[in-house]
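Chemist: Have a look at this prediction, sequence included:
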Amino acid sequence: MDTALPNFDGPFAKVKSPTKLAHVVLRTGQFSKMVEYYKTLLGAEATYENDFLSFLTYDEEHHRIAILDLKAKPADKATAGLEHIAFTFDSVAELLLAYRQRKAKGIEPIWCVNHGPTLSLYYQDPDGNQIETQVDSFPTNEAAAEFMASKEFEENPIGVDFDPEEMIRKLKEGVSEKELLKRKNIGPRGVASVGTLG
């Protein structure tokens, strides 16, 4: 085991990056509704919960989302703030299974879009916060970066809307996930055409 200390005194070319994003904390004035929403949306459970704080997990992290009751008012979209948080699935089939399971529980996406680097479904929680669920469209970060450097992406960095029910139908018909992840080229599209960004 390497016990050598890093050079704390510089000079520093760049700041040391963290190893991962640990969690997001949301303040709310609708505590019960928000906790139930995120438990349902993510298939999560509470590792700790009382009448004003809930730590929710769905994986190896002790909490990915925390919800704190501060009697807060919903955010005003005209003010600066967090646009959305995103969660990744391993396959198109898993992304769409979660979509169908949420839909059966009354949670439907507000926007379904193939950004190019990701195939994404956006949701909105009771406070108006947006959540992206996605699957990566390329097998490597390098391949995604290559697409993002293309003329096609420069022309349309937003993406192409899609119907998840049609995509489920195509999967059942045997269309490959690789084919479904390919983004159609629809020409220019800017931020004014959508209410969120991926």
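Modeler: Looks like it arrived, so ask away.
Chemist: contacts, neighbours, all on C-alpha from now
Modeler: Noted.
Chemist: average pLDDT for stretch 115-135?
Modeler: Stretch 115-135 shows a mean pLDDT of 96.
Chemist: Need the distance between the two termini of that stretch.
Modeler: Terminal residues of stretch 115-135 lie 10 Å apart, using Cα to Cα, to the nearest Å.
Chemist: in it, what's buried?
Modeler: 115-124, 126-127, 129-135 (16 or more other Cα atoms under 10 Å).
Chemist: Okay, and which of these map to helices?
Modeler: Among the buried residues of stretch 115-135, none falls in helices (DSSP state H).
Chemist: Which ones among those residues lie within strands?
Modeler: Under the assignment DSSP state E, these contribute 118-124, 130-135 to strands.
Chemist: Does L70 touch V25 like I think?
Modeler: No: L70 is not in contact with V25 according to Cα atoms under 8 Å; the separation is 11.7 Å.
Chemist: Could I get the full set of strands for this structure?
Modeler: 24-28, 45-49, 53-57, 65-69, 84-89, 111-114, 118-124, 130-136, 160-161.
Chemist: For the protein, which segments count as helices?
Modeler: 31-42, 92-104, 141-148, 151-155, 164-172, 177-181.
Chemist: will you turn those helices into a markdown table that also has mean neighbour count and mean pLDDT?
Modeler: Listed next are the helices of the chain as a markdown table, based on neighbours: other Cα atoms under 10 Å; pLDDT from 0 to 100:
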| stretch | mean neighbour count | mean pLDDT |
| --- | --- | --- |
| helix 31-42 | 18 | 97 |
| helix 92-104 | 17 | 97 |
| helix 141-148 | 14 | 96 |
| helix 151-155 | 15 | 95 |
| helix 164-172 | 14 | 97 |
| helix 177-181 | 15 | 97 |
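Chemist: can you tell which of the ones you listed is closest to H62?
Modeler: For H62, the closest of these is helix 31-42, at 14.3 Å, according to Cα to Cα.
Chemist: Dump the helices of the chain to a markdown table, plus distance to A75.
Modeler: Below are the helices of the chain laid out as a markdown table (distance: least, Cα to Cα, whole Å):
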| stretch | distance to A75 |
| --- | --- |
| helix 31-42 | 14 |
| helix 92-104 | 24 |
| helix 141-148 | 31 |
| helix 151-155 | 31 |
| helix 164-172 | 28 |
| helix 177-181 | 33 |
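Chemist: Relative to F8, tell me which of the ones you listed wins on proximity.
Modeler: helix 141-148 (31.0 Å).
Chemist: Restrict the closest one to CA atoms and write it as CSV.
Modeler: Presented in CSV, the C-alpha positions along helix 141-148 are these (Å, rounded to 0.1, in the frame of the first residue of the first chain):
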residue,chain,number,x,y,z
ASN,A,141,-16.7,7.9,-23.7
GLU,A,142,-14.3,8.5,-26.6
ALA,A,143,-16.9,7.5,-29.1
ALA,A,144,-19.5,9.8,-27.4
ALA,A,145,-17.0,12.6,-27.4
GLU,A,146,-16.3,12.0,-31.1
PHE,A,147,-20.1,12.3,-31.9
MET,A,148,-20.3,15.5,-29.7
